[in-house]
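Visitor: next input, structure requested:
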Amino acid sequence: MKTFLDNDYKVITLPDNGVPVKPIRAKAIIFSDQNSRKLLNQVETIAPSSASVIIQGESGTGKELIAREIHLKSDRKNKPFLAVNCGALVETLAESELFGYEAGAFTGANKTRAGIFETADGGTLFLDEVGELPLTLQVKLLRVLQEKEVVRVGGRKPIPINVRILSGTHVDLRKAVAENKFRLDLYYRLNVVVLNILPLRERKGDILPLVDFFLSSYSQKLITTKPNISDRARNALLNYSWPGNIRELENNIHYALLVSGGKTIDLEHLRFSEETGSAVLPDNDLIQEFESILKRLFQEYDGEAWHIIEDKIVNTAFSSCWNNQVKTAKMLGLSRNVLRNLLSRYNLLPNKNENEIA
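Guide: Coordinates of the predicted model:
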């Protein structure tokens, strides 16, 4: 997996091993937004332990990427990392896939085969969409976690295992427990640490850096010049709700690069779903909408409104300028020293330790 720093933010990508990436998986995650940097700090804090972790987030937000980063920051980094999509497991074959089987255990079992748990021994196992596991398998998974050993299908001898379990889910497991769709005892076994990955619409500071990353990536693949993006297109990208999160953004940028012919990407080159498409308002309507929002903020955050508004203005302006201080200061009409003070006040300047390559 590739990790590097660019423009003071960290980028994590899936390993390029020639295996096709499933359409719903995010291939890259960026830690530019304030909320994302907080998540990265959490990851680096809990990674060295052997604690089980539940990674919650919508599809396409990068749960597997976070799981891989936890693995690489732990003392298990030189051991296997395996990712299993629990929702894709066929119930009748899932037990043999997870726990292995002995020769002759069933028709077609011509030789003994180790399961996923044994293969991951000493390393990390990421159970994506763990909430999709059938209840019968949940019981067996709980027993494996409690006893730290597996018994292959058709076998009797327990096999000790040492595996760190990371779980991914896009559903609220507590609600699943209340609806008797997920075992409470298994939930507590998995729920030592919970990491929440916010949807892309709630960490807008990551949007333009991701756009820049995907533009660079696909421009290289297509052997073409990296195009510019118009202000209209940039505003639309920032204001769209991104129900498909990072994966939808990647597809959109790939499409825009193809149809723009390598020239400036404008609004007509972007493809948004009809239900939640991004509309660009005329300037007068934008000012009126802003005034209306300000009045609501004054009522809702009496005494704190200025701090909240200033924070959002600085954060949004900085991300809109690709984290470039000179461009941000010019756009806001501020000196660079004043801007740096504001960036420092709202924790937008990178720490020294963030400039080290992971």
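Visitor: quick check: mean pLDDT of stretch 32-52?
Guide: Summarised as a single mean, pLDDT over stretch 32-52 is 94.
Visitor: please apply the same query to stretch 105-116.
Guide: Mean predicted confidence for stretch 105-116 is 83.
Visitor: repeat that for stretch 162-173.
Guide: Stretch 162-173 comes out at a mean pLDDT of 95.
Visitor: list the buried residues in it.
Guide: Using 16 or more other CB atoms under 10 Å as the test for burial, stretch 162-173 gives Val163, Arg164, Ile165, Leu166, Ser167, Gly168, Thr169, His170, Leu173. Any C-beta I mention is one placed from the backbone N, CA and C, and that applies to glycine too.
Visitor: okay, and which of those map to strands?
Guide: Arg164, Ile165, Leu166, Ser167, Gly168, Thr169 (DSSP state E).
Visitor: out of these, who's nearest Phe214?
Guide: Gly168 (22.6 Å; CB to CB).
Visitor: name the residue most distant from the centre of the protein?
Guide: Distance from the centre of the chain peaks at Gly104, with 41.8 Å (CA atoms, centre = their mean).
Visitor: skipping adjacent residues, who's closest to that residue in space?
Guide: What sits nearest to Gly104 in space, not counting adjacent residues and going by CB to CB, 6 or more residues apart in numbering, is Gly154, at 6.5 Å.
Visitor: just checking, that neighbour touches Tyr101?
Guide: Yes. When contacts are counted by CB atoms under 8 Å, Gly154 is listed as touching Tyr101 (5.4 Å).
Visitor: follow-up on the earlier one: ok, now which ones touch the residue nearest to Gly104?
Guide: Contacts for Gly154 were tallied using CB atoms under 8 Å, 6 or more residues apart in numbering; they are Tyr101, Glu102, Ala103, Gly104, Ala105, Phe106, Ala109.
Visitor: list the residues that contact the fifth one.
Guide: Applying CB under 8 Å, 6+ apart, one finds that Ala105 lies in contact with Ser96, Arg152, Val153, Gly154, Gly155.
Visitor: how about Glu102, phi and psi?
Guide: Per-residue torsions, Glu102: phi -90, psi 160 (degrees, to the nearest 10).
Visitor: same question but for Leu258, I mixed them up
Guide: Torsion angles at Leu258 (phi, psi; degrees, to the nearest 10) stand at phi -70, psi -50.
Visitor: mind checking how far it is from Phe182?
Guide: Remark: distance between Leu258 and Phe182 (CB to CB, to the nearest Å) = 42 Å.
Visitor: who has more neighbours, the two?
Guide: Applying other CB atoms under 10 Å to Leu258 and Phe182 shows that Phe182 carries more neighbours, namely 23 against 13.
Visitor: A helix includes the more buried one, no?
Guide: No. Assessed with DSSP: H, G, I helix; E, B strand; the rest coil, Phe182 is coil; it does not lie in a helix.
Visitor: just checking, it touches Ala176?
Guide: Yes. Using CB under 8 Å, Phe182 is in contact with Ala176, at 3.8 Å.
Visitor: who touches both of the two?
Guide: With CB under 8 Å, 6+ apart as the test, Phe182 and Ala176 both reach Gly131.
Visitor: isn't Val84 right up against Val130?
Guide: No. Look at Val84 against Val130 with CB under 8 Å: they stay out of range, at 9.2 Å.
Visitor: picking up where we left off before, most surrounded residue in the contacts of Gly154?
Guide: Tyr101 leads these on contacts (other CB under 10 Å) with 22 neighbours.
Visitor: what backbone torsions are found at that residue?
Guide: phi -150, psi 160.
Visitor: quick revisit: closest one of the contacts of Gly154 to Asn323?
Guide: Of all these, Asn323 sits closest to Tyr101, with 51.9 Å by CB to CB.
Visitor: these two touch, right, the closest one and Glu118?
Guide: No. Assessed by CB under 8 Å, Tyr101 is found out of contact with Glu118, at 11.1 Å.
Visitor: okay, helices next: where are they in the stretch 1-150 of the chain?
Guide: 34-46, 63-72, 91-99, 116-119, 135-147 (DSSP state H, counting those that start in this stretch).
Visitor: so which elements touch the first one?
Guide: Other elements packing on helix 34-46 under the criterion 3 or more CB pairs under 8 Å, 6 or more residues apart in numbering; DSSP states H and E are strand 28-31, helix 63-72, strand 193-196.
Visitor: correct me if wrong: Val245 contacts Arg203.
Guide: Actually, residue 245 is Asn. It isn't Val. No. The criterion here is CB under 8 Å, and Asn245 misses it with Arg203 at 10.0 Å.
Visitor: and of the contacts of Gly154, the nearest to Pro209?
Guide: Nearest to Pro209 out of these is Tyr101 (CB to CB; 46.1 Å).
Visitor: contact partners for that closest one?
Guide: Per CB under 8 Å, 6+ apart, neighbours of Tyr101: Ala109, Thr112, Arg113, Gly115, Arg152, Val153, Gly154, Gly155.
Visitor: so which of those residues belong to strands?
Guide: Counting by DSSP E, no part of those is found in strands.
Visitor: in those residues, which residue is surrounded by the most others?
Guide: Arg152 (24 neighbours).
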